[in-house]
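[1] I would like to see how this sequence folds:
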Amino acid sequence: MINEIENCTNCGLSAGCKQPIEGEGNPKAKVMVVGEAPGKSEDQHGRSFIGKSGKLLNEILEEVGLGREEVYITNIVKCRPPGNRNPEAEEVDSCFPHLRTQIELIQPRVIIALGAFAARVLTDKEESISKLRGKAYGFSDFVVVPTFHPAYILRNRNKRDLLLNDIKFAKKVLDYDGGLL
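    This next block holds a predicted model:
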């Protein structure tokens, strides 16, 4: 999988990023965390969610009993869009096969979609993240739990408990054996 992503030139993002970011974590993870795209820190260091957003994500995962080493963290697109803009439809279409392959290889039970962009792509729904969060959605044979992106929480600290509760809900879905709650 790594070579496919490292050598991918399917869209214009590959020309502008320092390096594509496959993702990182447990290759047998029961939980996959998916954001929209790498940011500046990730592009510079070649790792997923390592800046302030990553630190907050790590804290929240730890609070619910999921260490970063237990999950797999990746993004919808693998290269940083210029100026941290949202990825364009063609870029998503070019990268989505990589994400689908990651999902099929890892076989997570729960996918946590961070932010409106990832949530919309993974649920195929156009509602706001405020309307999508707090629920579980089917995606192929997997369950998607949308929530706020940690970067949004850093700008709106009073909403931290909503992110925490959504991650707790994802863990509850993970621990539940009877299907969707």
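[2] where does this protein have its least confident helix or strand?
    Across the helices and strands of the chain, mean pLDDT, DSSP states H and E gives its lowest value to helix 2-6, namely a mean of 73.
[3] skipping adjacent residues, who's closest to the most centrally placed residue in the chain in space?
    In the chain, the centroid-proximal residue (Cα atoms, centre = their mean) is Val34; its distance is 1.0 Å. With sequence-adjacent residues excluded and distances taken as Cβ to Cβ, 6 or more residues apart in numbering, Val34 is closest to Ala118, at 5.0 Å. For glycine as for every other residue, the C-beta is placed from the backbone atoms N, C-alpha and C.
[4] hang on, that neighbour is in a helix, isn't it?
    Yes: assigned with DSSP: H, G, I helix; E, B strand; the rest coil, Ala118 falls within a helix.
[5] chain center to the lengthiest helix in the chain: distance?
    What stands out as the longest helix in the chain, according to DSSP state H, is helix 89-106. Centroid displacement of helix 89-106 relative to its chain, using Cα atoms, centre = their mean, to the nearest Å, is 12 Å.
[6] next one: stretch 10-20
    Using Cα atoms, centre = their mean, the mean C-alpha position of stretch 10-20 is found 19 Å from that of the whole chain.
[7] buried ones in that stretch?
    Counting neighbours by 16 or more other Cβ atoms under 10 Å, one finds that the buried residues in stretch 10-20 are Cys11, Leu13, Ser14, Cys17, Gln19, Pro20.
[8] now stretch 33-47
    By neighbour count on 16+ other Cβ under 10 Å, the buried set for stretch 33-47 is Val33, Val34, Gly35, Glu36, Ala37, Pro38, Gly39, Glu42, Asp43, Arg47.
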